[in-house]
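Enquirer: Output the structure for:
(2 chains)
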Amino acid sequence: MSDSKMIVPRRKFLSAAALGGGGLLLAGCDALTEDARFRSFLRTGEALNNGAHRLIMDRGALAPEFGEADMSPIFKANGSISGGTPEYAAHVADKFASWQLRIDGMVKNPLNLDLKKLMAMPSREQITRHDCVEGWSAIGKWRGTPLRLLLQAAGLSSRARYVVFHCADQWGPGTPYYESIDLIDAFHPQTILAWSMNDGILPVKHGAPLRLRVERQLGYKQAKYVMRVEATDDLKKFFGGKGGYWEDAHDYDWYAGI
Amino acid sequence: MAQAELKPGDVVKRHRLSTRLWHWTNAITLFVMLMSGLMIFNAHARLYWGDYGANDDKAWLVIDDAGDTGFVEIAGVRVETTGVLGIWKNSEGEVKRRAFPHWITIPSAYDLQAARRWHFTFAWILAVGLTLYMLRSLWNGHVRNDLHIRKWEWSIGHIWHDIKDHARLRFPTGAAAKDYNILQKFAYISVLFILLPLIIFTGLTMSPAMNAAWPWLLDLFGGRQSARSIHFIAAFSLVAFFFVHMAMVLLAGPINEVRSMITGKYTLPGKADPLPQPEVVQGEPA
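Expert: Here you go, the predicted structure:
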């Protein structure tokens, strides 16, 4: 049994060495995560993914659509689920009777549309999968007004490059939720401002009265409680300049196709 | 195939430059992918089968905490993992309720977005590296000469013989040590042509944009949440390969093995006067 006496210290030594080495490695990775140059290297992934997706995918390629039988029994509500502000609560109280969607920015004719007018426009229904950045998915049915029809009605300027969605929910003082997409996604046939979910009116916890569906990207791009749609040529003009609440606050990728 | 003149102690060229470069690039990349992947998993530590899956749906794997115990639950069977999985203390001694602990994730503190940046940037190194290595290996004969399983190697008797040799830690010596044995070939072929492509393609299947571009991916893997589950299983299969691989390197002579993966040169193991090898090989006429 003299062998086993030898093995224990060696094993201890090896595990200590492995732990020490592992600790250094981890500390190194954390330091790299904070390093500005390494962070910009890590950002190349987002640019490569966006470029690769645009390269291999037709502009109009549709996200998969599902049948009624494939729908989630319970569609998880995430993020802001009450809208929050007193102004928004007043809209909920009068069932959005005085609510209006504002479409402005780089457009010829800014529009104000109430829910009745939105619902009277041609609409699209789709059963699609919602993918959260956290990893879960839920399948639900949406009906709403195609965004391209609204942009066309407002006369989108040829200088516009992005569409910004201003939302009712606040994520801190002076920090409203907002999101933005490029014109490829804005004119995509499945990109709608949904006012109906699972055959009912859009519930408050899912973004009543209007939420964006941009089906080839992750959940945090699907802005809820949309109050205003603004066309712009530059995302740097808005809030933190990165094109969305999560992008500004937690450095999330603006392109969320992956 | 062994050459008659080779004997223990001879130094041979074992690994090509392409193999050595890819091996080390891939070793670093796989560590980054695993550890950043575990951090991403921490954002939602549940796995499902099918197209959808969230907190109210049935999960086949859950890592969570209940009060002050951490647990892993697989297909309804719960194993307590307090201190390691589900609930653990970070390096400052604070209690954290996340699936995988700080010492195995990149970054070490919870940060989904930073982990995503690591994961999706190194994914390119993994995928491009694997593609180039596969093409190079087809071109330079690595696949044909070293990995290709010969007809005679497929015999049950031969495979069983190799399993017994491995179980007894009896490794090939002399000329026989120059070539990969059948279990090595199985392991390397599984990693190169099954596990790594599987993990890359299930990864792509989780991308909503890729689902629009290549909808067949969803049919192939049975939906996005199935792809996520397979991605996780493939990752832990690679972890299992890593441990077996490390054990074999340590048992077969770590200095010689590691040196051969750095310089390409390998000293044939065994005593100076080896037993005759079972395979008779045609040599040069004397």
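Enquirer: Double-check residue B:261 against residue B:24; I have them as touching.
Expert: Yes. Contact status for residue B:261 versus residue B:24: in contact at 7.5 Å, counting by C-beta atoms under 8 Å. C-beta here means a position set from N, CA and C on the backbone, and glycine is covered the same way.
Enquirer: what residues does the stretch 51-200 of chain A put near chain B?
Expert: A:53, A:56-58, A:61-64, A:66, A:70, A:72-76, A:129, A:131-139 (C-beta under 8 Å from any C-beta of the partner chain).
Enquirer: Can you list the low-confidence ranges for chain B?
Expert: B:1-4, B:271-286 (pLDDT under 70).
Enquirer: Where do the helices of it begin and end?
Expert: Here chain B has its helices, by DSSP state H, at B:17-42, B:112-139, B:156-167, B:182-189, B:196-205, B:208-213, B:216-221, B:224-252, B:254-262.
Enquirer: Just say which of these is most tucked in.
Expert: helix B:208-213 (a mean of 24; mean count of other C-beta atoms under 10 Å in any protein chain shown).
Enquirer: Distance from the chain centre to that one, please.
Expert: 27 Å (C-alpha atoms, centre = their mean, to the nearest Å).
Enquirer: Which strands and helices lie in contact with it?
Expert: Judged by 3 or more C-beta pairs under 8 Å, 6 or more residues apart in numbering or on different chains; DSSP states H and E, the packing partners of helix B:208-213 are helix A:44-56, strand A:124-131, helix B:216-221.
Enquirer: hmm, back to that, filter the residues of the stretch 51-200 of chain A next to chain B down to the buried ones.
Expert: In terms of neighbour count (16 or more other C-beta atoms under 10 Å in any protein chain shown), the buried residues within those are A:53, A:57, A:61-64, A:66, A:72, A:75-76, A:129, A:131-139.
Enquirer: Among those residues, which are located in strands?
Expert: A:129, A:131, A:137-139 (DSSP state E).
Enquirer: can you redo those residues as JSON lines with pLDDT and distance to residue A:29?
Expert: What follows is those, written out as JSON lines (pLDDT from 0 to 100; distance: C-beta to C-beta, whole Å):
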{"residue": "A:129", "pLDDT": "98", "distance to residue A:29": "33"}
{"residue": "A:131", "pLDDT": "98", "distance to residue A:29": "27"}
{"residue": "A:137", "pLDDT": "98", "distance to residue A:29": "29"}
{"residue": "A:138", "pLDDT": "98", "distance to residue A:29": "33"}
{"residue": "A:139", "pLDDT": "98", "distance to residue A:29": "36"}
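Enquirer: For residue A:122, grab the count of nearby residues.
Expert: 7 (other C-beta atoms under 10 Å in any protein chain shown).
Enquirer: Remind me which helix or strand the nearest residue to it once chain neighbours are set aside belongs to.
Expert: The shortest distance from residue A:122 to any non-neighbouring residue, by C-beta to C-beta, 6 or more residues apart in numbering or on different chains, is to residue A:149 (6.5 Å). Element membership for residue A:149 (DSSP states H and E) is helix A:147-154.
Enquirer: Flag every buried residue along that helix.
Expert: A:147-151, A:154.
Enquirer: now do stretch A:242-258
Expert: Going by 16+ other C-beta under 10 Å, stretch A:242-258 has these buried residues: A:242-248, A:251-258.
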